[in-house]
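Colleague: Here you go, sequence then predicted model.
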Amino acid sequence: MRIARFIAPCLFSLSLCGLTVEAAAPLSPPSGYYAPVPQQQKQDQADACPSTPTPYTGTLLFRSKYEGSDQARTTLNPEAEQAFREQTASITELERGVSQQVMRYMRDGRPQHLSCALGWLNSWAEADALLSTEYTHTGKSMRKWALGSMAGAYLRLKFSSSQPLARYPEQTQRIEAWFVRLAEQTVVDWSDLPLEKINNHSYWAAWSVMAAAVISNRRDLFDWSVAQFRVAAGQVDEQGYLPNELKRRQRALAYHNYSLPPLSMIAAFAQANSLDLREENHGALQRLAERVMAGVEKQDGFEEQTDHQQDMQDLRKPAKFAWLAPYCTLYTCSAAARQRQQEMGPFRTFRLGGDVSQVFTPRAKDDS
């Protein structure tokens, strides 16, 4: 049931008082999302908008790139991976393209970039894309990743103090309604899983639903996302490990790190709405982050836990540490974390909507 209103309690005992109904406070993103669009500086020809990727309206029966692997799901199947890339090419093109156009617009203010991003999203919304209820695990994973990417970028347009969407009422209404449908299906996809099946996929689903919740001011979706965060926090053990990510053996550290972007974003968005999740399970998010940072420097702990040497390939990619941008607005980051931010940032990843560092700068926080 959608939570839209509440009845204010009667504060005067032994007296007659009328019940009043108050609207719940609108959901808000962190303050950096309110940044204005810069004035257009250059008048030269902007890049032409690429052709819209063909909206994906088929079933989400995608193959897994780990097809045939054991329970650790760490061995790539080249044939299955190639099939997966081909099946999902238009979806990935949409995610990357929307994020790129929004980033460009928020950097140079050229309206061509805005209209391009909205045009792509509107076309997919009109086609009711990505809404199939026939899916594999990989298929429903693609749906929530796509929603998080698109909604994460759209948040900057929705909440910018420049109100760039005001000139596009029909498109924005259609796009936002589509986001809600995707979020509602994502809730169905990832609800009621047994605890041993809840891992980073559920956290990414929760981030995508959080982004859609704030766009649409849907408290029920917001609450579902927070509930998933609390389940995740409850999984973090005293040493900062996630048992279901330790199952990934040589990729356990990489998947612990991969769990941090959605969890840090959810915590930052909750904080923006007066809900402090930092103390869940005795500071679980901080415990997890510190375990990961220690593991990046020295893998002994993860190797003891998994009996496998850790694969560090993903952890050499700057975008994998984009979680530091929101995380370091929630906590006083360690010297190692600050150094990694300085060396690897500014962070950009389409999975979180683009310029993550830009919306979590200290100045944006101080302006709140």
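Modeller: Arrived safely, thanks for sending. Numbering: from 1, shown residues only.
Colleague: Let me see the contact set for Arg287.
Modeller: Counting by CB atoms under 8 Å, 6 or more residues apart in numbering, Arg287 makes contact with 236, 238-240. (Each C-beta comes from the backbone N, C-alpha and C, glycine too.)
Colleague: Lys158: which of these is nearest?
Modeller: Val236 (31.8 Å; CB to CB).
Colleague: picking up where we left off before, in the contacts of Arg287, which residue is surrounded by the most others?
Modeller: Per-residue neighbour counts (other CB atoms under 10 Å) across the contacts of Arg287 peak at Val236, which has 25 neighbours.
Colleague: these two touch, right, that residue and His282?
Modeller: No - counting by CB atoms under 8 Å, Val236 stays clear of His282, with 9.0 Å between them.
Colleague: List just the nearest of the contacts of Arg287 to Trp224.
Modeller: Closest to Trp224, out of all of the contacts of Arg287 and judged by CB to CB, is Val236, at 20.0 Å.
Colleague: What pLDDT does the model give the closest one?
Modeller: Per-residue pLDDT puts Val236 at 98.
Colleague: nearest residue to it other than its sequence neighbours?
Modeller: Excluding its sequence neighbours, the residue lying closest to Val236 (CB to CB, 6 or more residues apart in numbering) is Ala284, at 3.9 Å.
Colleague: since we're on the one you found, how many residues are nearby?
Modeller: 24.
Colleague: how far away is Arg219 from Asn273?
Modeller: 10 Å (CB to CB, to the nearest Å).
Colleague: Residues that sit against both of these two, list them.
Modeller: Listed as contacting both Arg219 and Asn273 by CB under 8 Å, 6+ apart are Leu27.
Colleague: and the closest residue to Cys49 other than its chain neighbours, what element?
Modeller: Residue nearest to Cys49 in three dimensions, not counting chain neighbours: Cys116, with 3.6 Å by CB to CB, 6+ apart. In this assignment (DSSP states H and E), Cys116 forms part of helix 111-126.
Colleague: What ranges does this structure have for its strands?
Modeller: 5-7, 21-23, 348-349, 354-355 (DSSP state E).
Colleague: Was I right to think the residue nearest to Val236 contacts Glu238?
Modeller: No - here Ala284 does not reach Glu238: they are 9.8 Å apart, not a contact under CB under 8 Å.
Colleague: ok, the spatially most central residue of the chain - contacts?
Modeller: Nearest residue to the geometric centre of the chain (CA atoms, centre = their mean): Trp207, 4.0 Å. By CB under 8 Å, 6+ apart, Trp207 lies in contact with 148, 152, 225, 261-263, 265-266, 352.
Colleague: Out of those, the closest to Ala127 would be?
Modeller: Gly148 (19.7 Å).
Colleague: Quick one: residues contacting that closest one.
Modeller: Shown in contact with Gly148 (CB under 8 Å, 6+ apart): 204, 207-208, 211, 262, 351-353.
Colleague: Mark which of those residues are buried, thanks.
Modeller: The neighbour count (16 or more other CB atoms under 10 Å) marks 204, 207-208, 211, 262, 351-353 as buried among the contacts of Gly148.
Colleague: Could you work out the most separated pair of the residues you listed?
Modeller: Trp204 and Gly353 (12.9 Å).
Colleague: Which pLDDT value belongs to the closest residue to Pro318 other than its chain neighbours?
Modeller: The shortest distance from Pro318 to any non-neighbouring residue, by CB to CB, 6+ apart, is to Met344 (3.9 Å). The confidence metric pLDDT takes the value 93 at Met344.
Colleague: Quick check: Met344 touching Trp323?
Modeller: No - using CB under 8 Å, Met344 makes no contact with Trp323, being 11.4 Å away.
Colleague: Looking at those two, which one has more neighbours?
Modeller: Comparing Met344 with Trp323 by other CB under 10 Å, the one with more neighbours is Trp323, at 25 against 17.
Colleague: Model confidence at the more buried one, what's the number?
Modeller: 98.
Colleague: how close does Ala89 get to Gly139?
Modeller: 14 Å.
Colleague: Those two - which one has more neighbours?
Modeller: The neighbour comparison of Ala89 against Gly139 (other CB under 10 Å) goes to Gly139, with 21 against 13.
Colleague: coming back round to it: out of the strands of the chain, name the one with the poorest average pLDDT.
Modeller: When I compare those, strand 5-7 is least confident, with a mean of 29.
Colleague: Tell me where the stretch 1-150 of the chain has helices.
Modeller: 78-87, 89-108, 111-126, 137-159 (DSSP state H, counting those that start in this stretch).
Colleague: I misspoke; the intended subject was the stretch 151-300 of the chain.
Modeller: 169-190, 200-216, 219-235, 243-246, 252-272, 284-297, 300-306.
Colleague: if you compare those, which one is most tucked away?
Modeller: The highest average neighbour count among these, using mean count of other CB atoms under 10 Å, belongs to helix 200-216 at a mean of 26.
Colleague: residues contacting the closest residue to Asp314 other than its chain neighbours?
Modeller: Nearest residue to Asp314 in three dimensions, chain neighbours excluded: Ala254, at 4.5 Å (CB to CB, 6+ apart). Listed by CB under 8 Å, 6+ apart, the contact partners of Ala254 are 248, 310-315, 320.
Colleague: what about 10 Å?
Modeller: 74, 245, 248, 292, 295-296, 302, 310-315, 320 (CB atoms under 10 Å, 6 or more residues apart in numbering).
Colleague: This completes my enquiry, with thanks.
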